[in-house]
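Asker: My questions are about this predicted structure, shown below with the sequence.
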Amino acid sequence: MKIVVCVKHVPDATADRTFTEDGTTDRASVDSLLSELDEYAVEQALRIAESGPDVEICYLTIGPDDAKDALRKALAMGGDSAIHVADEDIEGSDVFATSLVLAGAIQRHGFDLVLCGMASTDGGAGVVPALLAERLGVPALTHIEELTVEDGALTGRREGDTATVRVRGGLPAVVSVTDRSGDARYPSFKGIMAAKKKSLETLDLADLGIDAGQVGRTAARTAVDTATRRPPRTKGELVSDDGTGGIGLAAFLTAKKFV
Amino acid sequence: MAEILVLVDHLDGVVRKPTLELLTLARRLGEPSAVFLGPGADTATEVLGRYGAHRVYVVDAPEVEEFLVTPAVDALVQIAGSTTPAAILLPSGPDGKETAARVALRLGSGLITDAVDITAGADGRPVTEQSAFAATYQVTAHVTQGAPVITVKPNATAPEPAPVTPELEKRDVVFGPASAAVQVLSRTPRERGDRPELSEADIVVSGGRGVNGADNFAVIERVADSLGAAVGASRAAVDAGWYPHSHQVGQTGTQVSPQLYLAAGISGAIQHRAGMQTSKTIVAVNKDADAPIFELADYGVVGDLFQVLPQLVEEIERRRS
């Protein structure tokens, strides 16, 4: 079984992230790393590989040169190879262009299963897995908390908006997993050393037969008008409980008309 | 007047509050038409009309409940094809966002997810507001291609009635290949209890690591019930198994924006702040005076939540009586 895991190199979510003047994510001002939510997808791929024979895992990312770091981190956790799609023309791409490029690379590599995290920790729309399935014409089992692969079919538990749903789809398929799907492992020292020897292929748009006009800022179907830092919340009154803390809090809530 | 399609979020015909918010926002852009999928349209029509839906397109086909997401996509695309709407609005949530993205791809439209507000721009087209980077940024944007497809987060606006008598229109939809469909084997609605739904609640009372045990969450629940609030929990409390995951507030849980957010025993890690810092009023109770949650709090009490919260409940009851 061929598994492709899509990963993203994102600005550290715990750092002070900003936008550039043209309204795109500023990737230069803070350190970037493998998106935490993608580690769960890597973990699921590795568990599938450990539970059955003939599983090949390839990681896929799009991004500038340093996006390779995300691939190296994933390879250090396990898996076989990686594909890095890098092309200046991709910069500023929206979810449609991103899914177009990913789908192109996935088709070129071949796949039985595409695994993704539930969302990136920067853009965070969480729609790329569904768009990949739409483009590849395969089932999408998204936001899965518990995944089972058996006899060419996938079943999973999905925590929806108002209900818990059990779903089933055939392979090939796209699956996105949540941060509840199982703790991701840490790379071992041996894994980190082994990752350096694994194949990492770099592709550009021409390799995928995608025209530059279909991606990037020019093809984006949305435009940002303004991106402004929300004024920091002003720190309000802080009182130490002297035995009447609850009474004081009730008075505050009453003044605000919540009581 | 421009037609705005609104996808109805409902359970057997009982319309959920975010849909009423969508109808309210849609009226700023044009004339709302509701798209109702599945059984129960007769129950829903009255409330949809009360909030301004001039038309209700009804697709009552078994596929809608048997398969995940794609039947809704087929339905919306085909209805959009025959009505040429000026915008399509959906609720933000995994299903709403995935439906929206696929609809936009098929229609060649731009997509905006997780809007917290929509206004009509100079040319009447929608301008959206979103929160970014754990809600530290406010972004306004517009769609440059096709009929805008926009998903809107709960509590973006207060639902305002604007009663009309809607026309009911049954629509037949041709559903795409089943091979690309995901079958729904079972659907277990989450127990709602008597408390409001977390994402829709006006008041949320949340507990974190400081609650220190599943049984102790009764303290949080008592405060919630005295304020008519929903109960939330931090990731730490959920990971410890003290409260169900469906109540997790944060970046990977539910993102809430209530009128009042009360955080008890929650330090305020960025993961948590991302899910609640757009709340209108924030109050916090924590033992640690240096907890980051106090930087956001309009009112903070440094103290033991097991002392402060029971006293709070007692005082609320005293003030009410």
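Answerer: Arrived safely, thanks for sending.

Asker: out of all of them, which strand in chain A is the longest?
Answerer: Counting by DSSP state E, the longest strand found in chain A is strand A:140-150.

Asker: so where do the strands sit in the stretch 101-250 of chain A?
Answerer: Ranges of strands in the stretch 101-250 of chain A, per DSSP state E, counting those that start in this stretch, are A:113-117, A:140-150, A:153-159, A:163-170, A:173-177, A:199-203, A:222-229, A:237-240.

Asker: Can you add distance to chain B and give those back as CSV?
Answerer: C-beta: built from backbone N, CA, C; applies to glycine. As requested, the strands of the stretch 101-250 of chain A are exported to CSV (distance: least, C-beta to the nearest C-beta, whole Å):
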stretch, distance to chain B
strand A:113-117, 10
strand A:140-150, 5
strand A:153-159, 7
strand A:163-170, 4
strand A:173-177, 8
strand A:199-203, 23
strand A:222-229, 4
strand A:237-240, 4
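
Asker: Show me the shaky parts of the chain.
Answerer: By default, I'm working from chain A. Applying pLDDT under 70 to chain A flags residues A:161.

Asker: Can you look at chain B instead?
Answerer: Within chain B, the set of residues satisfying pLDDT under 70 comprises B:192.

Asker: so where's the longest strand in chain B?
Answerer: Chain B, longest strand under DSSP E: strand B:111-120.

Asker: how distant is it from the center of its chain?
Answerer: A distance of 13 Å separates the C-alpha centroid of strand B:111-120 from that of its chain, computed with C-alpha atoms, centre = their mean, to the nearest Å.

Asker: which is the next helix or strand following that strand?
Answerer: Beyond strand B:111-120 in the direction of the C-terminus, DSSP states H and E gives the next helix or strand as strand B:126-132.

Asker: Name every strand pairing with that following strand and say which way it goes.
Answerer: The sheet places strand B:126-132 alongside strand B:111-120 (antiparallel), strand B:137-143 (antiparallel), with pairing taken from DSSP bridges.

Asker: ok, B:Asp290 - contacts?
Answerer: In this structure, B:Asp290 makes contact with no residue, judged by C-beta atoms under 8 Å, 6 or more residues apart in numbering or on different chains.

Asker: now do the one 3 residues further on
Answerer: By C-beta under 8 Å, 6+ apart, the contact list for B:Ile293 reads B:263, B:266-268, B:272-273, B:282, B:284, B:286, B:300.

Asker: if we look at the longest strand of chain B, which residues are touching it?
Answerer: By C-beta under 8 Å, 6+ apart, the residues outside strand B:111-120 that reach it are A:94-96, A:124-127, A:221-222, B:25, B:28-29, B:89, B:92, B:97, B:100-101, B:104, B:126-131, B:141, B:143, B:148-153, B:156-157, B:257, B:278.

Asker: what number of residues lie near residue 59?
Answerer: This is for chain A. 30 (other C-beta atoms under 10 Å in any protein chain shown).

Asker: Let me rephrase: I mean chain B.
Answerer: Using other C-beta under 10 Å, B:Val59 has 23 neighbouring residues.

Asker: for the stretch 51-200 of chain B, what spans make up the strands?
Answerer: So, for the stretch 51-200 of chain B - with DSSP E, counting those that start in this stretch - the strands run B:55-59, B:87-91, B:111-120, B:126-132, B:137-143, B:149-152, B:167-170, B:183-189.

Asker: Which residues of the stretch 201-321 of chain B lie near chain A?
Answerer: Proximity of the stretch 201-321 of chain B to chain A, by C-beta under 8 Å from any C-beta of the partner chain, involves residues B:203, B:227, B:245-246, B:251-252, B:259-260, B:270-271, B:277, B:281-283, B:285, B:289, B:294-304, B:307-316, B:319-320.

Asker: how much does the longest strand of chain B deviate in direction from strand A:222-229?
Answerer: Relative orientation of strand B:111-120 with respect to strand A:222-229: 70 degrees, computed using axes from the mean of the first three to the mean of the last three C-alpha atoms, to 10 degrees.

Asker: In strand B:111-120, which residues are buried?
Answerer: Of the residues in strand B:111-120, B:111-118 count as buried by neighbour count, 16 or more other C-beta atoms under 10 Å in any protein chain shown.

Asker: residue contacts, residue 163?
Answerer: In the absence of a named chain, this looks at chain A. Residues counted as contacts of A:Ala163 (C-beta under 8 Å, 6+ apart) are B:187-190.

Asker: That was the other one, I meant chain B.
Answerer: Under the criterion of C-beta under 8 Å, 6+ apart, the contact list for B:Pro163 reads B:49-50, B:52.

Asker: okay, now A:Thr254: neighbour count?
Answerer: A total of 14 residues lie near A:Thr254 under the criterion other C-beta under 10 Å.

Asker: Grab the nearest non-local neighbour of it.
Answerer: The shortest distance from A:Thr254 to any non-neighbouring residue, by C-beta to C-beta, 6 or more residues apart in numbering or on different chains, is to B:Arg319 (6.0 Å).

Asker: Whether stretch A:244-252 contacts chain B - can you check?
Answerer: Yes - using C-beta under 8 Å from any C-beta as the criterion, contacts between stretch A:244-252 and chain B involve A:244-252.

Asker: Pull the number of nearby residues for residue 46.
Answerer: Unless you meant another one, I'm taking chain A. The tally of other residues near A:Leu46 (other C-beta under 10 Å) stands at 21.

Asker: could you do chain B instead?
Answerer: B:Glu46 - counted by other C-beta under 10 Å - has 12 other residues nearby.

Asker: Ok, B:Thr84 next?
Answerer: By the criterion of other C-beta under 10 Å, B:Thr84 has 9 neighbours.

Asker: just checking, it touches B:Leu107?
Answerer: No - in this structure B:Thr84 lies outside contact range of B:Leu107 using C-beta atoms under 8 Å: 10.3 Å.

Asker: what touches both of these two?
Answerer: Looking at what touches both B:Thr84 and B:Leu107 (by C-beta under 8 Å, 6+ apart), the common residues are B:Ala147.

Asker: on that earlier part again, identify the farthest-apart pair in the contacts of B:Ile293.
Answerer: B:His272 and B:Gly300 (15.3 Å; C-beta to C-beta).

Asker: for the chain, what spans make up the helices?
Answerer: As the question left the chain open, I've gone with chain A. Assigned helices in chain A, in chain order: A:36-51, A:68-77, A:95-109, A:128-136, A:189-195, A:205-208, A:216-219, A:245-255 (criterion: DSSP state H).

Asker: actually it's chain B I care about, not the one you picked
Answerer: Per DSSP H, chain B carries helices over the ranges B:17-26, B:41-50, B:63-66, B:70-83, B:94-107, B:217-227, B:235-239, B:270-273, B:293-296, B:305-320.

Asker: buried sites along the third one?
Answerer: When you say that, I think you mean helix B:63-66. Neighbour-count burial for helix B:63-66 flags B:63-64 (criterion: 16+ other C-beta under 10 Å).

Asker: Give me the residues contacting it.
Answerer: When contacts are defined by C-beta under 8 Å, 6+ apart, helix B:63-66 is touched by residues B:37-38, B:71-72, B:75, B:173, B:175, B:183-184, B:187.

Asker: about what we covered before: quick one: which of the helices of chain A is nearest A:Gly117?
Answerer: Closest among these, once you apply C-beta to C-beta, is helix A:36-51, at 3.7 Å.

Asker: That closest one and chain B in contact?
Answerer: Yes - contact check for helix A:36-51 against chain B, using C-beta under 8 Å from any C-beta: residues in range are A:Leu37.

Asker: residues touching A:Leu253, list them.
Answerer: Going by C-beta under 8 Å, 6+ apart, A:Leu253 touches A:259, B:227, B:260, B:283, B:312, B:316.
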